[in-house]
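**Student:** Mind folding the following:
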Amino acid sequence: MERTSNTGHLCGTVTGKPDIPDVVIITCDVNARYVTVYQETDNGGSTALDFLEVEVYACAQGMYGSNCIRSCAARHCDSQYTSPCLVATGKCSWGCDPGWKGDDCTQACVQGMYGSNCIRSCAARHCDSQYTSPCPAATGKCSWGCDPGWKGDDCTQACVQGMYGSNCIRSCAARHCDSQYTSPCPAATGKCSWGCDPGWKGDDCTQACVQGMYGSNCSKLCAARHCDSQYTSPCPAATGKCSWGCDPGWKGDDCTQACVHGMYGSNCIKSCAARHCDSQYTSPCPAATGKCFRGCDPGWKGDDCTQADADSGRFTRNSMVTRYDSPRFTPTRDDLTQHL
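**Tutor:** Numbers count the residues shown, from 1 in each chain. Got it, this is the predicted structure:
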């Protein structure tokens, strides 16, 4: 037989002149269309080959590997693609389905590893630490979700900048941190370092005050204000400001500051010391009215004795004399005694 080419895949050689066995078995682990048998050595000037027959055995369809004992159907090739089944190796051309590894994708991931080619570590996930989550070999999915600051089925994706919380669904921009300061936005909690703007509460300042509450961290009670009781005043969640001012005895935008000692009246602008209460007595100074309970000194009137009274009916001795000198009135001794 004339040798025409030996550039193909070398399956094997036979040596041992003159003791070559009668039957030689050579395994060739490639797919091929032709088998070429040739002599490479000088055989005493002769190129003849002595053999009776060459038998070629191939794996049956659907089987591969040594002695054709492996089933192509038992492989776990990437199911997104159709992979041929090489009779020699069964290699999956496009890799394996998640949870499997090896050239022919028949090796399951060892415990603690998962994913495509089993290269991901279960320990590197950030599953919700309140629960114990299994680690499926295919996906590594966290059954109960992620710890705050992480997302994805296997909780290995950190929140992108500007997002925070469980599964990274909260926006840092939606917080109401104290606007006097610049607050960082931790990926786990979004906590506002310096507290909230008035009208908001919670670590991340995203909870609006419930009705009836206002102020920083919603800690103030609308019902505790002393707004002018002549009017109905709304209660803004941020300030609690009384639209119509305060009841007497109180001050401040939200009318929760009582007058300090010595001051009284609306917005606490009146001084107790400026009253003219009857000086024969010591009169208290109610924060609401400043009322003089024993009346006023002569020449003054009003509950708080701050209004001058030009027509007072009480007279000093000099004023009585002047009045009694009038030609229209001559007082008796009893009259003078009564007014002195």
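**Student:** contacts and neighbour counts: CA atoms only from here.
**Tutor:** Fine.
**Student:** Tell me who's in contact with residue 150.
**Tutor:** Shown in contact with residue 150 (C-alpha atoms under 8 Å, 6 or more residues apart in numbering): 126, 156, 157, 158, 159, 165, 166, 167, 168, 188.
**Student:** try it again with 6 Å
**Tutor:** Listed by C-alpha atoms under 6 Å, 6 or more residues apart in numbering, the contact set of residue 150 reads 157, 158, 159, 167.
**Student:** Quick check: chain neighbours aside, which residue is closest to it?
**Tutor:** Distances taken as C-alpha to C-alpha, 6 or more residues apart in numbering place residue 158 nearest to residue 150, at 4.6 Å, with adjacent residues excluded.
**Student:** and if you look at residue 177?
**Tutor:** Leaving aside its sequence neighbours, residue 177 sits nearest to residue 196 (C-alpha to C-alpha, 6+ apart; 4.3 Å).
**Student:** how much space between the one you found and residue 271?
**Tutor:** 37 Å (C-alpha to C-alpha, to the nearest Å).
**Student:** now residue 68
**Tutor:** Remark: distance between residue 68 and residue 271 (C-alpha to C-alpha) = 109 Å.
**Student:** Please apply the same query to residue 154.
**Tutor:** The separation that residue 154 has from residue 271, given C-alpha to C-alpha, amounts to 70 Å.
**Student:** and what of residue 88?
**Tutor:** Between residue 88 and residue 271 the computed distance is 106 Å (C-alpha to C-alpha).
**Student:** Between these two, which has more neighbouring residues?
**Tutor:** The residue with more neighbours, out of residue 88 and residue 271, is residue 88; 20 against 15, by other C-alpha atoms under 10 Å.
**Student:** what helix or strand is that one on?
**Tutor:** Assigned by DSSP states H and E, residue 88 belongs to neither a helix nor a strand.
**Student:** can I assume it is in contact with residue 63?
**Tutor:** No. Between residue 88 and residue 63 there is no contact under C-alpha atoms under 6 Å: 9.3 Å.
**Student:** Leaving out the residues flanking it, which one is nearest to the spatially most central residue of the chain?
**Tutor:** Residue closest to the average C-alpha location in the chain (C-alpha atoms, centre = their mean): residue 165, at 2.8 Å. Nearest residue to residue 165, sequence neighbours excluded (C-alpha to C-alpha, 6+ apart): residue 148, at 4.5 Å.
**Student:** cool, and residue 214?
**Tutor:** residue 237 (4.2 Å).
**Student:** any idea how far residue 277 is from that neighbour?
**Tutor:** Applying C-alpha to C-alpha, one obtains 42 Å for the distance of residue 237 from residue 277.
**Student:** can you check residue 287 too?
**Tutor:** 15 Å.
**Student:** more neighbours, those two?
**Tutor:** More neighbours surround residue 277 than the other of residue 287 and residue 277, with 29 against 23 (other C-alpha under 10 Å).
**Student:** what sits against that one?
**Tutor:** Applying C-alpha under 6 Å, 6+ apart to residue 277 gives the contacts 292, 295, 296, 297, 305.
**Student:** Where does pLDDT dip in the protein?
**Tutor:** Low-confidence segments of the chain (pLDDT under 70): 1-6, 16-19, 29, 31, 40-52, 312-340.
**Student:** Domain map for it?
**Tutor:** Per automatic domain parsing, the domain ranges recorded for the chain read 1-93, 315-340.
**Student:** Quick check: residue 196 touching residue 205?
**Tutor:** Yes. At 5.4 Å, residue 196 counts as touching residue 205 under the criterion of C-alpha under 6 Å.
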